[in-house]
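K.L.:
okay, predicted coordinates and the sequence, questions at the end:
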Amino acid sequence: MDLDYPLFVRVAHVFNILFISLMMRSGMEILSSFPKLYLNDHCRPGSEWLRLSRKKTPTDRPWMGLEEEVTFPVLVSLPGNRELGLARHWHFAVAMGWMLTGVIYVALLLFGSQWQRLVPTSWAIFPQAWQALVVYMTFHLPPDGNPYNALQQLTYFAVIFVLAPIQIATGLAMSPAFSGRFPWYLRFLGGKQVARSAHFIGLCLFFAFLIAHTAMVIINGVPKEFAKIFLGSDLASSSLAVYVGLTAIAVVLLINIGATLVTRRNPRQLQHALGVLVDPMQRALSRLRSHQHYLAGDITPTDELWVNGYPPASAEYRDLEKTAFKGYRLEVRGLVDRPLLLSLDDLRRLDRRDQVTKHNCIQGWTGVAAWGGVPFATLLKLCRPRANARYAVFHAFDDKSTSGNQKEKEIGGGIFYEVVDLRLLADEQSILAYELNGAPLPTKHGAPLRLRVEVQLGFKMVKWIRAIEFVEDYAAFGAGQGGWREDHAYYSNQVGI
Ligand SMILES: Nc1nc2c(c(=O)[nH]1)N[C@H]1C(S)=C(S)[C@@H](COP(=O)(O)O)O[C@H]1N2
Ligand SMILES: [Mo]
């Protein structure tokens, strides 16, 4: 067998180092927004199996998901300053590049003869790998294989053909659009939190591999190993190999530093630039229709559901709340043939839909609840949007300048709103909910009315809805990005994953 390493293997290897470093760092920043891991999809308080923060949940005041956020050191997180939205842009854009590289690499591997160096063809590999491990444990090196020893071959095979696919499969499971359309997939994997935990364990295994792999290169001798890794053969010039290798490593480091700086200095431009790559994938996923029908036994008790967003602080809202929302009127306006003003009783008299669905916050926490309310399609029939209406703007009662947590006040303040594409609202599981788990919607979950659009992440599901405005374009609202969290936290306005 040809022992040299063809160019595609060497190039894929360098891209892999770059992509994995960016994915690990952005992934850690995503984790830092909710640094707790669970095995149950209720994310029942106190039931986490891993907690990477020292925060204690206070008992004397309300507490929400966003307050769990911590800062990880920039060395291990991209961009390193609590920017979940931007970290997600990086993570998904790079994941696409990484998967593309992987597909090309595996295709070239399988169609050529190179697969022979990786794919074990005999069960004898297991005892041989064990023998190699025993030798390593006595701080000796087993004899060179052809080209790998059995343990090496088995490890590489497992990383490429087991670990990498597991990361992709568990990553996909975290998409509300995908798991909303194919709930069996999530059930098969054991739930979103099991998938999220496995995704993190996968990261740890990748990291362990990286450390061991690098250590082996050093132990075996950098010049000889670099000659193979970067020039394709240990017969190549080792001084040239060290030069090329160090240059490649420097480029990977510089790209990481550059990515960090650019993201911190030009967050809006970065949101848009990476959005060009990521948004089409998000849009494609969002086109799926939600088919969730969880059972009564899956429901998270109301008092154990996580919360994001504190109730409106205005006197107007407080007064409405005191009178059980007797004076509440939902305003439907904009590009419609029939503007509407609907009381809660009016809404209750319309068609009703009940559904048990999983809520997926962008931070990673979940909960399952029974929602009852008006199908959005019913509202569409009543108000009759004009042909040019493309989006619905949901205006809320809460003003982040007064009701927001400290960070929300700092990053923007202002009335909360979100824009949702009418195509998503045509989904039969898109509803205006006035009931949660069989009771009127509690204040903290959005009384009197909140949106459920089950193929998106949680922040799109506006609570405390005051008005729904049909528009052709959303550039004129807020900072023009399609919602309060898009404007102020650089989230994408396409959130199927
Ligand atoms: N008006 C309003 N709606 C909102 C928010 C908010 O801050 N204000 N937060 C969003 C976020 S980030 C999430 S995850 C969900 C949380 O819903 P819950 O508090 O009922 O669990 O509400 C969404 N709707
Ligand atoms: Mo959220």
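P.N.:
Sure thing, it's come through. Ligands and ions are numbered 1, 2, ... in the order given.

K.L.:
do you know how far Leu277 is from Leu451?
P.N.:
28 Å (Cβ to Cβ, to the nearest Å). In short, each C-beta sits where N, CA and C put it, glycine included.

K.L.:
scratch that, Pro147
P.N.:
Counting by Cβ to Cβ, the gap from Pro147 to Leu451 is 58 Å.

K.L.:
how about the residue of the chain found nearest ligand 2, what does it touch?
P.N.:
The minimum distance from the chain to ligand 2, using Cβ to the ion, falls at Cys361 (3.5 Å). For Cys361, the contact set (Cβ atoms under 8 Å, 6 or more residues apart in numbering) comprises 34, 65, 306, 308, 457-459.

K.L.:
among the residues you listed, name the ones in strands.
P.N.:
Among these, no member falls in strands (criterion: DSSP state E).

K.L.:
closest to Leu341 among those?
P.N.:
Lowest distance from Leu341 to the contacts of Cys361 (Cβ to Cβ) belongs to Phe459, with 27.1 Å.

K.L.:
re earlier: buried ones from the contacts of Cys361, can you make that a ChimeraX selection?
P.N.:
Here is the ChimeraX command that selects the buried residues among the contacts of Cys361 (16 or more other Cβ atoms under 10 Å):
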select :34,65,306,308,457,458,459
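
K.L.:
out of the contacts of Cys361, which touch ligand 1?
P.N.:
Near ligand 1, judged by Cβ under 6 Å from any ligand atom, the entries from those are 306, 308, 458-459.

K.L.:
of all pairs in those residues, which one is the farthest apart?
P.N.:
Trp306 and Phe459 (12.8 Å).

K.L.:
in a markdown table: the contacts of Cys361, plus pLDDT and distance to ligand 2.
P.N.:
Formatted as a markdown table, those follow (pLDDT from 0 to 100; distance: Cβ to the ion, whole Å):
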| residue | pLDDT | distance to ligand 2 |
| --- | --- | --- |
| Phe34 | 98 | 9 |
| Gly65 | 96 | 6 |
| Trp306 | 97 | 9 |
| Asn308 | 97 | 4 |
| Leu457 | 98 | 7 |
| Gly458 | 98 | 4 |
| Phe459 | 98 | 4 |
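
K.L.:
quick one: which of the contacts of Cys361 sit in helices?
P.N.:
Per DSSP state H, helices hold no members of these.

K.L.:
what parts of the stretch 301-450 of the chain come near ligand 2?
P.N.:
With Cβ under 5 Å from the ion as the criterion, the stretch 301-450 of the chain comes near ligand 2 at residues 308, 361-362.

K.L.:
helices and strands of the chain: which one bottoms out on pLDDT?
P.N.:
helix 115-118 (a mean of 89; mean pLDDT, DSSP states H and E).

K.L.:
before we move on, what SS does Phe416 have?
P.N.:
strand (DSSP: H, G, I helix; E, B strand; the rest coil).

K.L.:
just checking, it touches Gly309?
P.N.:
Yes: contact criterion Cβ atoms under 8 Å: Phe416 and Gly309 qualify, at 7.0 Å.

K.L.:
between those two, which contacts overlap?
P.N.:
Taking Cβ under 8 Å, 6+ apart as the contact rule, Phe416 and Gly309 both touch Asp398.

K.L.:
any idea how far the closest residue to Gly112 other than its chain neighbours lies from ligand 1?
P.N.:
Counting by Cβ to Cβ, 6 or more residues apart in numbering, Gly112 lies nearest to Pro6, which is 7.6 Å off, once chain neighbours are set aside. Counting by Cβ to the nearest ligand atom, to the nearest Å, the gap from Pro6 to ligand 1 is 48 Å.

K.L.:
can you give me phi and psi for Pro6?
P.N.:
Pro6 adopts backbone torsions of phi -60, psi 160, taken as degrees, to the nearest 10.

K.L.:
ligand 1 contacts on the stretch 351-497 of the chain?
P.N.:
359, 361, 396, 398, 416, 445-446, 458-459, 461-464.

K.L.:
need the max-distance pair from these.
P.N.:
Pairwise distances across these (Cβ to Cβ) peak at 18.1 Å, for the pair His359 and Asp398.

K.L.:
can you give me the strands in the chain?
P.N.:
36-37, 50-51, 330-334, 340-342, 353-360, 366-375, 391-399, 415-421, 431-436, 439-440, 450-452, 465-471.

K.L.:
elements contacting the second one?
P.N.:
Using 3 or more Cβ pairs under 8 Å, 6 or more residues apart in numbering; DSSP states H and E as the contact definition, the elements that strand 50-51 packs against are strand 36-37.
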